[in-house]
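Colleague: Turn this into a model:
(2 chains)
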Amino acid sequence: MSTEIFEYAPAPESRAIVNIKSDYGLYINGKWVAPHSKKRFASINPSNEEVLSKVSLADSVDIDKAVKAARAAYNKVWAKMPPKERAKYLFRIARLLQERAREFAVLEALDNGKPIRETRDVDVPLAAAHFFYHAGWADKLEYAGFGANPKPHGVVAQIIPWNFPLLMLAWKVAPALATGNTVVLKPAETTPLTALLFAEVCEQAELPAGVVNIITGDGSTGASLVNHKDIDKIAFTGSTEVGKLIAKAISDRGIPATLELGGKGANIVFDDAPIDEAVEGIVNGIFFNQGHVCCAGSRLLLQESIVDEFVEKLQSRMAKIRVGDPLDKNTDLGAINSSAQLAKIKEMSESGSKEGAQIWSAPCSLPTKGYWFAPTIFTGVTQAHRIAREEIFGPVLSVLTFRTPQEAMEKANNTPFGLSAGVWTEKGSKILWAANELKAGVIWANTFNKFDAASPFGGYKESGWGREGGRHGLAAYIKGAR
Amino acid sequence: MISLIDGSESSLRAFLDNLPGVDKVGAEARAAMLATRSIKTTSKAKAIDLAIRMVDLTTLEGADTPGKVRSLCAKGFRPDPTDVTVPHVGAICVYNDMVEIARKHLDSIGGHEIPVAAVSTAFPSGRASMEVKLRDTKDAIEAGAGEIDMVIDRGAFLSGRLGEVFAEIKEIKSLCGDRAHLKVILETGELATYDNVRKASYLAMLAGADFIKTSTGKVTPAATAPVVLVMLEAVRDFYKLTGRRIGVKPAGGIRTTKDAIKQLVLVNETTGPEWLTPDLFRIGASALLNDLLMQRMKLRDGRYSGSNYVTVD
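Modeller: Coordinates of the predicted model:
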């Protein structure tokens, strides 16, 4: 009996479809302008450290310009426009995102390091869906339960993270525009390129100048934006650390903020779970997007009676995860987004070993250039270990065990975070009971990491304030609404 | 646990009812994800040849004649008369009364190593007495069938008479002995749920099946990707439990090279490459072979050729 090894030949998506400019200005008031500082910084491809482009470093002068442009657009055009006209722009943007889907998918994979399979099948379609969904709301806000005459805040400052650059942009921009706000958006330092391509889409959609302004930069740029005196609301997705700084910064200014922060999601597998699908769900929960997911199921809570069987199945499934070139259509796990993040993941996993947990990494060969980390699990983790408490934001899973359903709930809730949780059991009543007990903004049952524009997303405790998506998400962009 | 199964209704139930359930949404999502694998160039070429070797080239028509069966045998032995590097198929699959004709013809053209598979036990419905089913199988084996594709009694399975299904398979298996390989057709389209597919897979394996096969080809849906996934998971786990490797044969609805390659990807990423051999994976098909040949020509010549460049049968 001869055993054949079925190797998949490289199947790279062509990058010819996307035209990356050698440098980018700031997109302010419908125009591309050079930054006041005259400084640019590189955006690199984390899978091979190649410089993709140079983008502008905005400072407080640029931000002032952008906020003024947004203010003028709000007063003169956007707030006055009949809602059904506003809706047309959103529909147009949604259609353009679909038409240029491949371009966005390739660029996102290049700039972020995530695999093309995910950008193509998840990031871009969901981003378009968010614009479609909110386009539908634009002229129906009176019926959304926010009172007879719902009003926007005005100028909204939005700061988004590097893990889902285009999708987080859509989560922020679509509801803001649908409700009649204008936007100054700052993409993350390491992943600005799809936001800049989105600016081109705004131009193509003939969105009135100043309604969306995109300014690139680093942490200092974000801080200047938060501290600008003429913004009416802040929407932030990122680390809990920065979220706390923002909360502090605005505490005496009386402006509202939505904060979508970190998490340490528990994926709870009971002994009566659909085991094979649970293994898939755990893999998807932690290795989707290299684990750079705030709602990742980074803690696996296993009922003690199935630990050995389950971990064995999980390891053999992990051994099949295809790690490598993000542009290859067969890649499951791409590059870590930056050297800083890679260092953090390494530091955390070293602490896991030091504190006595057992490490196991999938046997895969990693590229020599770029930032890479093999899919890894720690078994024998206890609540007291750092890797059970702190967000790692990488492809590292901590496996803990429990004896009774009550103990599972206690352990799952025993965290300063409360963003997501997963429950795996074939018993419906247990799902409903667990969903009541768990203190998390999103609870998935027999699945994980499923998103929909109509479904609100957000956290308890240190995972954030407010919700994004659905009717709840609209409330964040309407004055006085809850 | 498995050693406690004595064929009694209660022992079977104790085991089969304790199998973990299959979550429909999750299984379908996994199968859909694997369908996005992109198999190109060198790996496609290898996959096509492997798929040809796995084809159980089938004709199961009321209108089958000796002439039709003989030409099918010729096609299976030498799929592309213009290219000797094309491997022969895995088996020729026919009705009971055509077995002798197929066997003789294969032997006369040099295809000794291609087995003839006979569908058996009152195929496709399985609605006959055990006596008839045994006689049916005996006939086929005596006529030279090297493989028996039996159907299970779905009625018995669905009404919970698991012991009956088990006993039937066991009896047919002992009749086959070491003269014929036994493939057990679950007819998953009639079992309806993935939980049933998993249960029936284990039931057949416990009773002695060498292969578990999805469908007769007479019922839709047939070999859908999630069904094959669930069956592959079952043989993988059964191997871990018993050390015995059981084969899987999807049949019905696999018509294109793309479909066939998706099946190979399912195998590769579920059981692993150990199952990527005609000894452990077959594809029951008729039209598929010509599409595989055309794709093979395309890879060889760099252009597509028309359907008249492959033989109709």
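
Colleague: quick one, what contacts the residue minimising distance to the centre of chain A?
Modeller: Nearest to the mean C-alpha position of chain A, by Cα atoms, centre = their mean, lies residue A:164 at 4.0 Å. Residues near residue A:164 by Cβ atoms under 8 Å, 6 or more residues apart in numbering or on different chains: A:123, A:289. Yep, even glycine has a C-beta here, placed from its N, CA and C like the rest.

Colleague: Phi and psi next, for it.
Modeller: When read as degrees, to the nearest 10, the backbone of residue A:164 gives phi -130, psi 70.

Colleague: Which other helices and strands does the longest helix anywhere in chain B contact?
Modeller: Taking DSSP state H as the criterion, chain B has its longest helix at helix B:225-242. Applying 3 or more Cβ pairs under 8 Å, 6 or more residues apart in numbering or on different chains; DSSP states H and E, we find helix B:225-242 packed against helix B:24-34, helix B:194-207, strand B:211-213, strand B:247-249, helix B:257-270.

Colleague: now for the last one, which elements pack on it?
Modeller: Pointing back at helix B:257-270 there. Using 3+ Cβ pairs under 8 Å, 6+ apart, helix B:257-270 sits against helix B:24-34, helix B:41-54, helix B:225-242, strand B:283-285, helix B:288-301.

Colleague: Pull out the buried positions in stretch A:356-367.
Modeller: When neighbours are counted by 16 or more other Cβ atoms under 10 Å in any protein chain shown, the buried residues of stretch A:356-367 are found to be A:357, A:360-362, A:364.

Colleague: which outside residues touch it?
Modeller: Residues outside stretch A:356-367 that contact it (Cβ under 8 Å, 6+ apart) are A:47-48, A:315, A:318-319, A:321-325, A:335, A:349, A:352-353, A:372-381, A:385, A:387, A:398.

Colleague: Throw the helices and strands packed on helix B:225-242 into a markdown table and include distance to residue B:125 and mean pLDDT, thanks.
Modeller: Below are these laid out as a markdown table (distance: least, Cβ to Cβ, whole Å; pLDDT from 0 to 100):
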| stretch | distance to residue B:125 | mean pLDDT |
| --- | --- | --- |
| helix B:24-34 | 27 | 98 |
| helix B:194-207 | 16 | 98 |
| strand B:211-213 | 15 | 98 |
| strand B:247-249 | 19 | 98 |
| helix B:257-270 | 26 | 98 |
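
Colleague: Deepest-packed of the helices and strands packed on helix B:257-270, please.
Modeller: strand B:283-285 (a mean of 30; mean count of other Cβ atoms under 10 Å in any protein chain shown).

Colleague: separation between the residue nearest to the centre of chain A and residue A:112?
Modeller: To residue A:112, residue A:164 is 8 Å away according to Cβ to Cβ, to the nearest Å.

Colleague: Spell out which parts of chain A neighbour chain B.
Modeller: Contact residues (Cβ under 8 Å from any Cβ of the partner chain) of chain A with chain B: A:1-9, A:11, A:117, A:121, A:272-278, A:280-281, A:320, A:329-330, A:426, A:446-447.

Colleague: From these, which land in helices?
Modeller: Using DSSP H, the subset of those located in helices is A:117, A:275-278, A:280-281.

Colleague: what residues are up against whatever residue of the stretch 51-200 of chain A ends up closest to chain B?
Modeller: In the stretch 51-200 of chain A, no residue comes nearer to chain B than residue A:117, which is 6.3 Å away by Cβ to the nearest Cβ. Residues near residue A:117 by Cβ under 8 Å, 6+ apart: A:329-332, B:36.

Colleague: what stretches of chain A score poorly on pLDDT?
Modeller: The model of chain A has pLDDT under 70 over residues A:1-4.

Colleague: residues contacting the residue in it that chain B sits nearest to?
Modeller: Closest approach between chain A and chain B, counting by Cβ to the nearest Cβ: residue A:277, at 3.0 Å. Listed by Cβ under 8 Å, 6+ apart, the contact set of residue A:277 reads A:424, A:446, B:22-23, B:25-27, B:30.

Colleague: quick one on the thing from earlier: and the ones in helices among the residues of chain A next to chain B, which is closest to residue A:76?
Modeller: Nearest to residue A:76 among those: residue A:117, at 43.7 Å, using Cβ to Cβ.

Colleague: gap between the residue nearest to residue A:9 when sequence neighbours are not counted and residue B:264?
Modeller: With sequence-adjacent residues excluded and distances taken as Cβ to Cβ, 6 or more residues apart in numbering or on different chains, residue A:9 is closest to residue B:43, at 4.2 Å. Using Cβ to Cβ, one obtains 10 Å as the distance from residue B:43 to residue B:264.

Colleague: rewinding a little: among the contacts of residue A:117, which ones are buried?
Modeller: Buried among these by 16+ other Cβ under 10 Å: A:329-332.

Colleague: Just these: which are in strands?
Modeller: Judged by DSSP state E, the buried ones among the contacts of residue A:117 include no members of strands.

Colleague: Mind putting these into JSON lines with distance to residue A:196?
Modeller: Formatted as JSON lines, the buried ones among the contacts of residue A:117 follow (distance: Cβ to Cβ, whole Å):
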{"residue": "A:329", "distance to residue A:196": "25"}
{"residue": "A:330", "distance to residue A:196": "29"}
{"residue": "A:331", "distance to residue A:196": "25"}
{"residue": "A:332", "distance to residue A:196": "28"}
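
Colleague: what's near enough to touch the closest residue in space to the residue of chain A closest to chain B that isn't next to it in sequence?
Modeller: Distance criterion Cβ to Cβ, 6+ apart; nearest residue to residue A:277, sequence neighbours excluded, is residue B:26 at 3.0 Å. Contact analysis of residue B:26 by Cβ under 8 Å, 6+ apart lists A:274, A:276-278, A:280-281, A:446-447.

Colleague: where does residue A:359 land in three-state SS?
Modeller: Per DSSP: H, G, I helix; E, B strand; the rest coil, the local secondary structure of residue A:359 is strand.

Colleague: now it, which residues is it bridged with?
Modeller: Per DSSP bridges, the residues bridged to residue A:359 are residue A:378.

Colleague: now it: how far from residue A:348?
Modeller: Taken as Cβ to Cβ, the span from residue A:359 to residue A:348 is 11 Å.

Colleague: State the distance from residue A:74 to residue A:372.
Modeller: With distances taken as Cβ to Cβ, residue A:74 is found 44 Å from residue A:372.

Colleague: What sits closest to residue B:207 if chain neighbours are left out?
Modeller: Using Cβ to Cβ, 6+ apart, the closest residue to residue B:207 is residue B:169 (3.6 Å).

Colleague: in the one helix or strand that neighbour maps to, what's buried?
Modeller: Per DSSP states H and E: residue B:169 is located in helix B:162-176. Buried residues in helix B:162-176, counted by 16+ other Cβ under 10 Å: B:162-166, B:168-169, B:171-173, B:175-176.

Colleague: What parts of the stretch 101-250 of chain B come near chain A?
Modeller: Residues of the stretch 101-250 of chain B lying near chain A (Cβ under 8 Å from any Cβ): residue B:233.
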